[in-house]
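>>> 3D, please:
(chains A, B, C and D)
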Protein chains: 2
Amino acid sequence: MADDDLLRRRAVLPIGTVMNLTTLTARQIRYFEEQGLVKPLRNAGNHRMYSLNDVDSLIGIVNERRSGMSLADIKRVRQHQRQQTSDAAARRALRDELFNQRFGQSGSSPYGQNFH
Amino acid sequence: MADDDLLRRRAVLPIGTVMNLTTLTARQIRYFEEQGLVKPLRNAGNHRMYSLNDVDSLIGIVNERRSGMSLADIKRVRQHQRQQTSDAAARRALRDELFNQRFGQSGSSPYGQNFH
DNA sequence: TCAATATGTTAGATTATCTGACATCCGCAA
DNA sequence: TTGCGGATGTCAGATAATCTAACATATTGA
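Alright, predicted model coming up:
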């Protein structure tokens, strides 16, 4: 989790590039956005800009659909995953807060990095 | 050297994305092409398409210039490198050919992979 | 200083993307 | 069968991105 991750999160790819990399049509990609499965940013000219992580996610969707899942199924699974990871983040935040109450603001949590 | 490399060689990035990732202007990127420092492909609409390797190369140029090198210097160095690597490729090809003459077409070279 | 290098800027043309709407196709339940 | 919801195609009109070619303007090195 470092420089590479930052790069993968950077929204720099226009939809044409994403079409190339995912085999999806622009229509499909926009529809998936409508369904909340990707959330591209917009550049100054209002064009959607995607990250490499978005591309990975879309390729994942393509594969899941190949194996028979409907968009609704995929949506449900992903919301579940997001919920779980945000639960985990909430637990970590609570743990760190309790730690800081006991030991002051001097340092970081004893569990290593505060964010994973 | 596998899937990842193929991905890095794929020309999928329009010049706007390359501008973002390299801090170069479109004018500069096209000028570097004029000087033979990058060779983007063209899509069906005649727009230049760059690979991640191209982006790396351009970032390298930016850094080399920051450290005082002129474009001519950089060009010279890169041609040298290309020459060396193609020499190496030629040596490997010759080696493999000689090996096949002696041992037939059955298998690959005893040096491991035929291409590095 | 002069010539070569490197970059900016502009105009006009073409391609890419945007939104919104309507059409189509398909699987499934009533 | 009929009809509905999900998924995708397609179109028109508008705006943004990119292209080429040319000229202008620094910047640099002998």
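
>>> Look up phi and psi at A:L41.
Main-chain torsions, A:L41, degrees, to the nearest 10: phi -80, psi 180.

>>> Contact residues of chain A facing DNA strand D?
With Cβ under 7 Å from any atom of the strand as the criterion, chain A meets DNA strand D at residues A:14, A:25, A:27-28, A:31-32, A:35, A:43-47, A:65, A:70-72. Backbone N, C-alpha and C define where each C-beta goes, glycine included.

>>> Now the helix or strand A:E33 falls within: buried residues?
For A:E33, the host element (DSSP states H and E) is helix A:26-34. Neighbour counts using 16 or more other Cβ atoms under 10 Å in any protein chain shown place A:28-29, A:32-33 of helix A:26-34 among the buried residues.

>>> show me what contacts A:A26?
Contacts for A:A26 (Cβ atoms under 8 Å, 6 or more residues apart in numbering or on different chains) come out as A:15-16, A:19.

>>> quick one on the thing from earlier: filter the residues of chain A next to DNA strand D down to the buried ones and express that as a PyMOL selection.
To isolate the buried ones among the residues of chain A next to DNA strand D in PyMOL, judged by 16+ other Cβ under 10 Å, type:
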select buried, chain A and resi 14+28+32
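
>>> how deep is A:D54 tucked in, by neighbour count?
Using other Cβ atoms under 10 Å in any protein chain shown, A:D54 is surrounded by 26 other residues.

>>> Specify the local secondary structure of it.
helix (DSSP: H, G, I helix; E, B strand; the rest coil).

>>> Next, find the distance separating it from chain B.
14 Å (Cβ to the nearest Cβ, to the nearest Å).

>>> Could you find the closest non-adjacent residue to that residue?
Of all residues not flanking A:D54 in the chain, A:V38 sits nearest, at 5.2 Å (Cβ to Cβ, 6 or more residues apart in numbering or on different chains).

>>> what number of residues lie near that neighbour?
A:V38: 20 neighbours (other Cβ under 10 Å).

>>> quick one: contacts for it?
So A:V38 contacts A:29, A:32, A:50, A:54, A:57-58 (Cβ under 8 Å, 6+ apart).

>>> now A:I29
So A:I29 contacts A:15, A:18-19, A:22, A:38, A:58 (Cβ under 8 Å, 6+ apart).

>>> Name the nearest of those relative to B:L7.
A:T22 (12.7 Å; Cβ to Cβ).

>>> My guess is the closest one contacts A:S57. True?
No: between A:T22 and A:S57 there is no contact under Cβ atoms under 8 Å: 9.5 Å.

>>> quick one: which of these two has more around it?
A:T22 (21 against 18).

>>> For the closest residue to DNA strand C within chain A, which non-adjacent residue is closest in space?
DNA strand C sits closest to A:G16 of chain A, with a gap of 2.5 Å, by Cβ to the nearest atom of the strand. Nearest residue to A:G16, sequence neighbours excluded (Cβ to Cβ, 6+ apart): B:P14, at 7.2 Å.

>>> Need the CA coordinates for stretch A:14-24. CSV is fine.
What follows is stretch A:14-24, C-alpha atoms only, in CSV (Å, rounded to 0.1, in the frame of the first residue of the first chain):
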residue,chain,number,x,y,z
PRO,A,14,-11.3,8.2,-20.4
ILE,A,15,-14.2,5.8,-21.2
GLY,A,16,-12.7,4.8,-24.6
THR,A,17,-9.6,3.4,-22.8
VAL,A,18,-11.9,1.5,-20.4
MET,A,19,-13.8,0.1,-23.3
ASN,A,20,-10.6,-1.2,-24.8
LEU,A,21,-9.4,-2.8,-21.5
THR,A,22,-12.7,-4.3,-20.4
THR,A,23,-14.4,-5.3,-23.7
LEU,A,24,-17.5,-3.4,-22.5
